[in-house]
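> Sequence first, predicted model second:
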Amino acid sequence: MTQSHDLSSIIEALVRPGKGILAADESGPTIAKRFTAIGVESTPENRRAYRSLLLSTPGLGEFVSGVILYEETLGQCKEDGEPLPALAARQGIVPGIKVDTGKGPLALAPGDEITQGLDGLPARLQAYVKLGARFAKWRAVYNVSDSLPSRAAIEANAESLARYAAICQTEGVVPIVEPEVLIDGDHSQARCAAVTQEVLLEVFRALHRHRVALEHMLLKPSMVVPGKAHVRPAGPGDVADETLRVLRRTVPAAVPGIVFLSGGQSPVEATVNLDALNRLALQPWRLSFSYGRALQDPVLQAWRGQPDQVQAAQAALLKRARLNALASLGCYDTAMENSP
Ligand code: 5MM
């Protein structure tokens, strides 16, 4: 039985105007990659120290409404013993949890991937709720080429996303549905638009089939951008126009919020593009951010595992969070990058 009252209040807290979501749910291999790049070993203690740094940033709750955590973080504490989910909640930030268990090749579909994690999900969600999680996230990824993703991959991932979302709502947890059309490759922006449209149409078809309440979920899509290796990069005007065109064609107005992933855009690009999206005509959904790398890259660079750099790292996080919050209102200016 869906606990719609609770789900409404969680949604309300997550989509507050001028706020977005911090994605800090890197799995073991991903956080190890990020740490290696700054010369830090990925140990449980270093991960605890880093994620404590993020969540204890003074004033973060002014710009960040929710944080997506990895399972390990949900059970970790700050040096003084305060559980990290409780620390987030004390900052006015709703704790969430990544519940997919990663992706792998889709059988008999070379180049396509499928996300795993449905087995035992109800019991896992019940345990996560006890640890303070109020929303969840599941990410499906789509590789792009002239022939990818296949229909099989589009349908299989949509089905999993919808089954995940239905299970979350049954357990009183708000689902974030994340279909990521990858930026890797040399495809054009038009190809990205065509793939994103087909993916989103299928995702919403599956959500309807599984009776997911659209009012009680958030969508976390990629923006419509050309592949990283494409000859012509797209400016913010093009990104905003193309992204909105696809979203208007595919996302029902009942969805309260669309929180974009940054997907390999630089921190400034991700802010500029979000701002451009919010400067277009009024939309039925709130358009904000759920960035991982675009919020955290400058933080990792400032921190580099040095205890005496914690304040500088927190200042870097607060700055990106503030600028993205302004972008979510269409009030950002690149000149703001020059002040602290
Ligand atoms: C933060 O990274 C998340 C977990 O990724 P892995 O499962 O690969 O470890 C990821 O799902 C993230 O939430 C989204 O991709 C958004 O992050 P970006 O960096 O694209 O904004």
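Yep, it's here. Small disclaimer: the values here were computed from a predicted structure and weren't measured.
> For this structure, what lies in contact range of the ligand?
Within the chain, the positions near the ligand by C-beta under 6 Å from any ligand atom are 23, 25-27, 30, 68, 139, 180, 261-263, 291-294. Any C-beta I mention is one placed from the backbone N, CA and C, and that applies to glycine too.
> Could you identify the most distant pair in the residues you listed?
Ser27 and Ala294 (18.2 Å; C-beta to C-beta).
> Which one's more surrounded, the two?
Ala294 (26 against 14; other C-beta atoms under 10 Å).
> could you say which helix or strand contains the more buried one?
helix 293-303 (DSSP states H and E).
> Can you give me the separation between Leu247 and the ligand?
17 Å (C-beta to the nearest ligand atom, to the nearest Å).
> Run through the residues that contact that residue.
Neighbouring residues of Leu247 by C-beta atoms under 8 Å, 6 or more residues apart in numbering: 200, 221, 258, 283, 285.
> Burial check on the first one, number of neighbours?
In this case it means Leu200. Around Leu200 there are 22 residues (other C-beta under 10 Å).
> I'd guessed it sits against Val246; true?
Yes. Assessed by C-beta atoms under 8 Å, Leu200 is found in contact with Val246 at 6.8 Å.
> Give me the pLDDT for the residue nearest to Lys78 when sequence neighbours are not counted.
Leaving aside its chain neighbours, Lys78 sits nearest to Ser52 (4.8 Å; criterion: C-beta to C-beta, 6 or more residues apart in numbering). pLDDT recorded at Ser52 is 98.
> can you count the residues close to Ser52?
20.
> ok, then the element right after the host helix or strand of Ser9?
Taking DSSP H and E as the criterion, Ser9 maps to helix 4-14. Once the chain leaves helix 4-14, the next helix or strand it forms, by DSSP H and E, is strand 20-24.
> Would you mind getting the angle between that next one and helix 293-303?
Per axes from the mean of the first three to the mean of the last three C-alpha atoms, to 10 degrees, the angle that strand 20-24 makes with helix 293-303 is 60 degrees.
> Now do the helix holding Ser9 and strand 20-24, the angle between them.
Using the same axes, to 10 degrees: helix 4-14 against strand 20-24 is 90 degrees.
> Can you give me the buried ones in helix 4-14?
Within helix 4-14, the residues that qualify as buried are 7, 10-11, 13-14, counting by 16 or more other C-beta atoms under 10 Å.
> circling back to that earlier point, ok, and what's touching the helix or strand that the helix holding Ala294 is followed by?
Once the chain leaves helix 293-303, the next helix or strand it forms, by DSSP H and E, is helix 310-327. Contacts to helix 310-327, defined as C-beta under 8 Å, 6+ apart, come from residues 18-20, 22, 53-54, 56-60, 62-64, 267, 270-272, 274-275, 278, 288-289, 291, 294-296, 298-303, 332, 336-337, 340.
> Just give me how far helix 310-327 sits from the chain centre.
The chain centroid and the centroid of helix 310-327 are separated by 17 Å, computed with C-alpha atoms, centre = their mean, to the nearest Å.
> So His216 is in contact with Ile11, correct?
Yes. The pair formed by His216 and Ile11 meets the contact definition of C-beta under 8 Å, at 6.0 Å.
> any residues in contact with both of these two?
Val174.
> Give me the distance between the residue in the stretch 201-340 of the chain that the ligand sits nearest to and Ala190.
Nearest to the ligand in the stretch 201-340 of the chain, going by C-beta to the nearest ligand atom, is Gly292, at a distance of 2.8 Å. Separation of Gly292 from Ala190 (C-beta to C-beta, to the nearest Å) stands at 27 Å.
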